[in-house]
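> Just to be clear, the model below is a prediction. Sequence and coordinates:
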Amino acid sequence: MVKNSASNSNNLKHAVAKGFFWGGMSNALCQVFSLIFGVYMARILGPDDYGPIGMLAIFSAIAGSLQDSGFVAAIANRKSVTHDDYNAVFWFNILISLLMYGVLFACAPLIAGFFNQPILVSLSRYNFLGFVVAGFGIAPSAYLFRELKVKQKSIAIILSIVISGAVGVAMALCGYSYWGIATQSIVYVLVRTVVCWYFTPWRPGFKVNFYPLKYLFAFSYRLLITNLFQRFNWNIFSFILGKFYTRIDVGNYTKAAEWFNMGGEVVNGMVNAVAQPVLAKVVDDSERQLRVFRKMLRFTAFVSFPLMLGLSLVAKEVIVIVITDKWLESACMLQILAVWGAFMPVQSLLTNLLVSRGCSRTFMWCTIVQGLLMLAILLCVYPYGIRFMLVSYCVFNAMWLFVWHYFARKEIAITLPMFLLDVTPYLLLAGLTMLATYMLTTSIGNIYILLLSRIAIAALLYVGTAFLMRSSELREIINFLLKRKIEG
């Protein structure tokens, strides 16, 4: 019995390590490829070209949540899954995708009228075609997620970015501006769906039984509402900018958010790839789940804080060098967003814990209240300017971490001192590292030397200090990489 328990623990540890490795590597590669294609697109196009797509972001996000319906998480949390479960999810999502597209197609004139942008009628109808394509990919994505096939999902995402990026750049060079951006998103969904099907052994049948949706929806309907508000929260900023500011302002924010997501997804995507299914596997043992969670929390803090605070430190230099100073306002927005981005993976870990414990009701109401309060704050402060809005947005979201912790503590008894003990050392280390780096490099006039110096000094200071502090997270990362090198 003890031997089996130890074996299961080792298997789970291996699955977590493998998931983090592939999740981290794939997300890093994805951000590299996204960066390459994004740079070409940004040099060809300007803020005015990105504005219309940014205005449609909130509608795309909400429709994407309705399409998923929370079934991916519901399937991941079931003890056992049958062919009928996947089949019901597959056909339901095709039907809901077609229905959504019909509704959005009809609402296109209303969307264009709200933003006073006539071009949005035809552009939205074209852009929303991606929902129809994505409807075919929910079931295989759920299968890969449940089975912790992080490597296969990583390959699908990387191929999608490369192929869609090439299409987007080609169309931008041909003068299609925002039509190229819209086509890029459609091709991305198409390629990802095809590759996910390639790696999924399950195939749908025409004999459809929708009964499994009843018990799946009993779990997922709260996640559906939660996802709606989450995506609403993430995209509310561009929505308000589109209403009260100019198309250029929306374009600058859209580009800042794109770079912010590229940096944040390296860690956030890595956490989301394994956290919920792994935590679900140890849900019956609260003490063990607490240990697993705290281990993930420390690792997340170790990676997230230096990465995102470092992005804030070099944002202006990176933007000006890579996509020219026509995007300078976007760089200022990115500096503010990146500070919040340092905390975002920690929030994801807390919310994944609640989902793994079956607390979908808590997750739902907490997200709804967060979204409504944030909307109220932004509507109150928008007359004071975009930067003040951004600071308010980031501060509010960072403070909301304590609300998430309050509910997590009820589930696995992770006290506030425990939480702060796991997170604060790396927050302080990263913050002091960036402050020291900034002070050491203020006299450098050449922008290229400044960028390279800040990256090198920050990396050496952070890793060196972590090594001297005998950080267990740094030691485990080094051991894991050395082991893979030896095995390779």
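Yes, it's here. Remember, predicted model here, so these are calculated numbers, not experimental data.
> For Ser177, give its distance to Cys107.
Counting by Cβ to Cβ, to the nearest Å, the separation of Ser177 from Cys107 is 23 Å. Quick note: C-beta positions are derived from backbone N, CA and C, even for glycine.
> more neighbours, the two?
Higher neighbour count among Ser177 and Cys107: Ser177, with 19 against 15, using other Cβ atoms under 10 Å.
> just how off-centre is the host helix or strand of Leu353 within its chain?
Using DSSP states H and E, the element containing Leu353 is helix 344-356. For helix 344-356, the separation from the chain centroid amounts to 12 Å (computed by Cα atoms, centre = their mean, to the nearest Å).
> before we move on, what about stretch 188-203?
Relative to the mean C-alpha coordinate of its chain, stretch 188-203 is positioned 20 Å out (Cα atoms, centre = their mean).
> just stretch 168-177 next, same as before
That offset, for stretch 168-177, works out to 26 Å (Cα atoms, centre = their mean).
> Chain neighbours aside, what residue packs nearest to Gly168?
Distance criterion Cβ to Cβ, 6 or more residues apart in numbering; nearest residue to Gly168, sequence neighbours excluded, is Gln184 at 3.1 Å.
> Now do the contacts for the one you found.
By Cβ atoms under 8 Å, 6 or more residues apart in numbering, the contact list for Gln184 reads 41, 164-165, 167-168, 171.
> make it 7 Å
Residues in contact with Gln184, defined by Cβ atoms under 7 Å, 6 or more residues apart in numbering, are 164-165, 167-168.
> ok, now Arg192?
137, 156-157, 160.
> 8 Å - rerun?
Going by Cβ under 8 Å, 6+ apart, Arg192 touches 137, 156-157, 159-160.
> Could you give the average pLDDT over the host helix or strand of it?
Per DSSP H and E, Arg192 falls inside helix 178-199. The pLDDT scores in helix 178-199 average 91.
> Past it, which element shows up next along the chain?
By DSSP H and E, the next helix or strand past helix 178-199 is helix 212-244.
> give me phi/psi at Ile444?
Torsion angles at Ile444 (phi, psi; degrees, to the nearest 10) stand at phi -80, psi 120.
> State the distance from it to Thr433.
For Ile444 relative to Thr433 (Cβ to Cβ), the value is 17 Å.
> pLDDT score for the closest residue in space to Phe114 that isn't next to it in sequence?
Leaving aside its chain neighbours, Phe114 sits nearest to Lys243 (7.2 Å; criterion: Cβ to Cβ, 6+ apart). If you check Lys243, the pLDDT there is 86.
> same thing with Gln67?
If you check Gln67, the pLDDT there is 57.
> Same check on Phe92?
Phe92 carries a pLDDT score of 85 in this model.
> Neighbours of the nearest residue to it once chain neighbours are set aside, how many?
Leaving aside its chain neighbours, Phe92 sits nearest to Leu213 (6.0 Å; criterion: Cβ to Cβ, 6+ apart). Here the count is done by other Cβ under 10 Å, and Leu213 has 19 residues near it.
> ok, back up a step: for the helix holding Arg192, which positions count as buried?
By 16 or more other Cβ atoms under 10 Å, the buried positions in helix 178-199 come out as 178-197, 199.
> same thing with stretch 212-219?
212-213, 216-217, 219.
> got it, and stretch 105-124?
Buried residues in stretch 105-124 (16+ other Cβ under 10 Å): 108, 111-112, 115, 117, 120, 123-124.
> What's the end-to-end length of that stretch?
Using Cα to Cα, to the nearest Å, one end of stretch 105-124 lies 8 Å from the other.
> Can you tell me what sits against it?
Here stretch 105-124 makes contact (Cβ under 8 Å, 6+ apart) with 52-53, 55-56, 59, 104, 125, 128, 178-179, 182, 242-243, 247.
> repeat that for 6 Å
Applying Cβ atoms under 6 Å, 6 or more residues apart in numbering, the contact partners of stretch 105-124 are 52, 55-56, 125, 242.
> just stretch 328-342 next, same as before
Outside of stretch 328-342, the residues within contact range by Cβ under 6 Å, 6+ apart are 252-253, 255-256, 259-260, 264, 304-305, 308-309, 311-312, 315-316, 319, 390-391, 394, 397-398.
> who touches Asp84 in this structure?
By Cβ under 6 Å, 6+ apart, the neighbours of Asp84 are 209, 212.
> helix/strand/coil for it?
Under DSSP: H, G, I helix; E, B strand; the rest coil, Asp84 falls in the helix class.
> about what we covered before: could you list which of the buried residues of stretch 105-124 belong to helices?
108, 111-112, 115, 120, 123-124 (DSSP state H).
> Name the surrounding residues that touch the helix or strand Ser164 falls within.
Ser164 belongs to helix 150-173 when assigned by DSSP H and E. The contact list for helix 150-173 (Cβ under 6 Å, 6+ apart) reads 19, 22-23, 26, 29-30, 33-34, 37, 40-41, 44-45, 144, 180, 183-184, 187-188, 191-192, 195-196, 199, 273.
> where does the stretch 151-300 of the chain dip in pLDDT?
For the stretch 151-300 of the chain, applying pLDDT under 70 flags the ranges 218-220, 223, 266-267, 269-284.
> Most neighbours of all the contacts of Gln184, which one?
Highest neighbour count within the contacts of Gln184: Gly168, with 26 neighbours (other Cβ under 10 Å).
> ok, Leu401 - how many residues close by?
16.
> Can you tell me how far it is from Leu337?
16 Å.
> Great, nothing more from me.
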